[in-house]
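S.K.: curious how this folds, go ahead:
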Amino acid sequence: MSLSRTPIASQRLRRRRRTKIIATLGPASSTTEIITKLFQTGADVFRLNFSHGSHEDHAARIASIREIEKRFDRPIGILADVQGPKLRVGRFAAGKVHLTAGQAFRLDLNPTPGDVRRVNLPHPEIIAAAMVNTNLLLDDGKLRLRITHKRDDHLECEVVFGGPLSDRKGVNVPDVILPIPALTAKDRIDLDFALANGVDYIGLSFVQRPEDVIEAKEIADGRAWIMVKIEKPQALDNLDEIIRLSDAVMVARGDLGVELPPEEVPLAQKRIVRTARQMGKPVVVATQMLESMITAPAPTRAEASDVATAVFDGADAVMLSAETAAGQYPFEAVNIMDRIVARVEQDEGWRHITNASRPAPEGYSSDAIAAAAQQVAHTIGAPVIAAFTDSGGTVLRVARERPDCPIIGLTPRPETARRLAVVWGVHAVVTKEIDSFTDAAERSGEISRQEGFTQPGDQIVVTAGVPFRQSGGTNMLHVAKV
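M.R.: Numbering: from 1, shown residues only. Here you go, the predicted model:
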């Protein structure tokens, strides 16, 4: 597949911000018309949540996105977020019980419906891995149990924080690594479907160990980028290696916020963003960014500050979940997020912080060229850096430098252009392959002018890898005149 270029449509939809927006699709945003409006309002990437909906639902949304992409001649990223293991208690005879702080409560392998004294825990892995004094969190952390005795087939617990507990509520185990793979049988079926339908990123849930990433990457086999979701405290213990192996990273603050103390979550977010930026991996901040907009037409001041903080931290993208999937105000949520991001990026303090947090170049020629491109563009006041890339690597290195000017990512591969939709500051364009320095300079000037970034006579910075038509290190830097 190739995308034809229609300059008028491209200019009309050129984003005036660097940080990207991911919008989740769902019952409130299923039709082509609604997805189109979300895209026009500011969504750069669409998330499909495989915890909900059928394959037929997701296939229809993928088809709509690709139709919109063709109509507007802009590459659009699609994130398939697989569910991962869901750990839940069993059912109660009355459907619900109320646990009181200080009482004893048993979790066991007996499938008989439970009562106020016990309930089934259909996960022998938890019983095997847990230890005395391990904490168990139920119903998104609303209830807390502490294990007092352990047997082969059950755990005796004391209720630390009580409350109502009903059928099939979730269980979180923050204190131990569970011997459970990140991909379930359902995930593997969903993964096969998503890859066959050409999604651009796989959101990998329940990552605890580097081996979880390796397994997913072997299955994807280059057909999509693996975006690891950091939502388990155990992942923080292996953070550097997990991010090194991944293609992109998500700060999944939902489960992370359940399993970590609240005061630790902001620090974890900053650490994850900082580490991903150091390694040049796109990083997304997600979950409850504008949560009140599920039912309200405007966010709280705290939510607006939360989005702004992610932008100041240097995230590549911020994400909306239920706000656009099931909320009453999906367009307003995207619009206000777009406005917050754009306003922060106009602030002088944002640029000072961005420059001060720029990672030092690593000891590779591609990093040296990317750093030089940023410096040259700043010195000559270039309106754009044009980066030719096959796999996306050249553009990722330039984006890591957070230059003053936008980055045009030029690639012959539509799948690469779509993957770059999540990358900070990148305006991706599909173009034919180049075969000479002259061709690179002329093409960069022509496309940057057609896309609305430059005027005749402007100087632009061009980067690429030589020899052309080969994936490899970035080793060319050129200043061209439009």
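
S.K.: quick one: what helix or strand has Val376 in it?
M.R.: Per DSSP states H and E: Val376 is located in helix 365-380.

S.K.: so which elements touch that helix?
M.R.: Packing contacts for helix 365-380, counted by 3 or more CB pairs under 8 Å, 6 or more residues apart in numbering; DSSP states H and E, involve strand 385-388, helix 393-400, strand 459-464, strand 476-481. In short, each C-beta sits where N, CA and C put it, glycine included.

S.K.: JSON lines for those, including distance to Glu125 and mean pLDDT?
M.R.: As requested, those are exported to JSON lines (distance: least, CB to CB, whole Å; pLDDT from 0 to 100):
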{"stretch": "strand 385-388", "distance to Glu125": "46", "mean pLDDT": "96"}
{"stretch": "helix 393-400", "distance to Glu125": "37", "mean pLDDT": "95"}
{"stretch": "strand 459-464", "distance to Glu125": "48", "mean pLDDT": "95"}
{"stretch": "strand 476-481", "distance to Glu125": "52", "mean pLDDT": "93"}
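
S.K.: output the below-cut-off pLDDT ranges for this protein.
M.R.: 1-12, 468-473 (pLDDT under 70).

S.K.: could you chop it up by domain?
M.R.: Here the domain parsing of the chain from automatic domain parsing is 7-84+181-348, 96-172, 365-481.

S.K.: endpoints of the last one, how far apart?
M.R.: Yep, that's domain 365-481 we're talking about. 25 Å (CA to CA, to the nearest Å).

S.K.: what about the residue lying closest to Arg88 once chain neighbours are set aside, which helix or strand?
M.R.: Counting by CB to CB, 6 or more residues apart in numbering, Arg168 is the residue found nearest to Arg88 once chain neighbours are left out, at 4.8 Å. Using DSSP H and E, Arg168 falls within no helix or strand.

S.K.: repeat that for the one 10 residues further on.
M.R.: Assignment of secondary structure by DSSP H and E places Leu178 within no helix or strand.

S.K.: from Arg66, how far off is it?
M.R.: Between Leu178 and Arg66 the computed distance is 38 Å (CB to CB, to the nearest Å).

S.K.: if we can go back for a sec, buried residues in the helix holding Val376?
M.R.: 366-371, 373-374, 376-377 (16 or more other CB atoms under 10 Å).

S.K.: re earlier: give me whichever of the helices and strands packed on helix 365-380 is most buried.
M.R.: Highest mean neighbour count among those (mean count of other CB atoms under 10 Å): strand 385-388, with a mean of 30.

S.K.: which strands or helices does that strand pack on?
M.R.: By 3+ CB pairs under 8 Å, 6+ apart, strand 385-388 packs against helix 365-380, helix 393-400, strand 407-411, helix 437-450, strand 459-464.

S.K.: check contacts around the nearest residue to Leu239 once chain neighbours are set aside.
M.R.: Using CB to CB, 6+ apart and skipping residues adjacent in sequence, the residue nearest Leu239 is Thr275, 5.8 Å away. Contacts for Thr275 (CB atoms under 8 Å, 6 or more residues apart in numbering) come out as 239-240, 243.

S.K.: tell me the buried residues within these.
M.R.: Neighbour-count burial (16+ other CB under 10 Å) applied to those gives 239, 243.

S.K.: so which of the contacts of Thr275 are in helices?
M.R.: In helices, defined here by DSSP state H, the members of the contacts of Thr275 are 239-240, 243.

S.K.: for the residue nearest to Arg88, what are its contacts?
M.R.: 88-91.

S.K.: and with 7 Å instead?
M.R.: Counting by CB atoms under 7 Å, 6 or more residues apart in numbering, Arg168 touches 88-89, 91.

S.K.: tell me the first helix or strand C-terminal of the helix or strand harbouring Ala304.
M.R.: Per DSSP H and E: Ala304 is located in helix 301-313. Next along the chain after helix 301-313, taking DSSP H and E as the criterion, comes strand 317-320.

S.K.: how far away from the center of its chain is that next one?
M.R.: Distance of strand 317-320 from its chain centroid, counting by CA atoms, centre = their mean, to the nearest Å, is 7 Å.

S.K.: stretch 104-121 now?
M.R.: For stretch 104-121, the distance to the chain centre is 37 Å (CA atoms, centre = their mean).

S.K.: again with stretch 414-426
M.R.: Distance, centroid of stretch 414-426 to centroid of chain: 13 Å (CA atoms, centre = their mean).

S.K.: gap between the two ends of that stretch?
M.R.: End-to-end distance (CA to CA), stretch 414-426: 14 Å.

S.K.: now do the strands in the stretch 101-250 of the chain.
M.R.: 104-108, 118-120, 135-138, 143-150, 154-161, 163-166, 171-172, 201-204, 225-230, 248-252 (DSSP state E, counting those that start in this stretch).

S.K.: which strands or helices does the first one pack on?
M.R.: Counting contacts by 3 or more CB pairs under 7 Å, 6 or more residues apart in numbering; DSSP states H and E, strand 104-108 packs against strand 118-120, strand 154-161.

S.K.: ok, the third one next?
M.R.: Using 3+ CB pairs under 7 Å, 6+ apart as the contact criterion, the secondary-structure elements in contact with strand 135-138 are strand 143-150, strand 171-172.

S.K.: after the longest helix along the chain, which helix or strand is next? Please name it.
M.R.: Using DSSP H to define each element, the chain has its longest helix at helix 55-72. Toward the C-terminal end, the helix or strand that comes next after helix 55-72 (DSSP H and E) is strand 77-81.

S.K.: buried stuff in the helix or strand that that next one is followed by?
M.R.: Downstream of strand 77-81, the first helix or strand assigned by DSSP H and E is strand 96-99. Residues 97, 99 are the ones in strand 96-99 that count as buried (16+ other CB under 10 Å).

S.K.: what strands line up against strand 96-99, and which way round?
M.R.: Sheet pairing of strand 96-99 (DSSP bridges) gives strand 163-166 (antiparallel).

S.K.: quick check: buried residues in the strand it pairs with?
M.R.: For strand 163-166, the neighbour count (16+ other CB under 10 Å) marks Leu165 as buried.

S.K.: how far does that strand sit from the chain's center?
M.R.: Worked out by CA atoms, centre = their mean, strand 163-166 lies 32 Å from the chain centre.

S.K.: can you show me the CA trace of that strand as CSV?
M.R.: Output in CSV follows, covering the C-alpha atoms of strand 163-166 (Å, rounded to 0.1, in the frame of the first residue of the first chain):
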residue,chain,number,x,y,z
GLY,A,163,-15.6,-2.9,52.4
PRO,A,164,-18.1,-4.5,49.9
LEU,A,165,-16.7,-7.3,47.7
SER,A,166,-18.8,-8.8,44.9
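
S.K.: can you list contacts of that strand?
M.R.: Under the contact criterion CB under 7 Å, 6+ apart, strand 163-166 has outside partners 92, 95-99, 138-139, 142-143.

S.K.: output the helices and strands packed on strand 385-388 in JSON lines; the columns should cover distance to Lys481.
M.R.: Formatted as JSON lines, the helices and strands packed on strand 385-388 follow (distance: least, CB to CB, whole Å):
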{"stretch": "helix 365-380", "distance to Lys481": "11"}
{"stretch": "helix 393-400", "distance to Lys481": "20"}
{"stretch": "strand 407-411", "distance to Lys481": "16"}
{"stretch": "helix 437-450", "distance to Lys481": "7"}
{"stretch": "strand 459-464", "distance to Lys481": "6"}
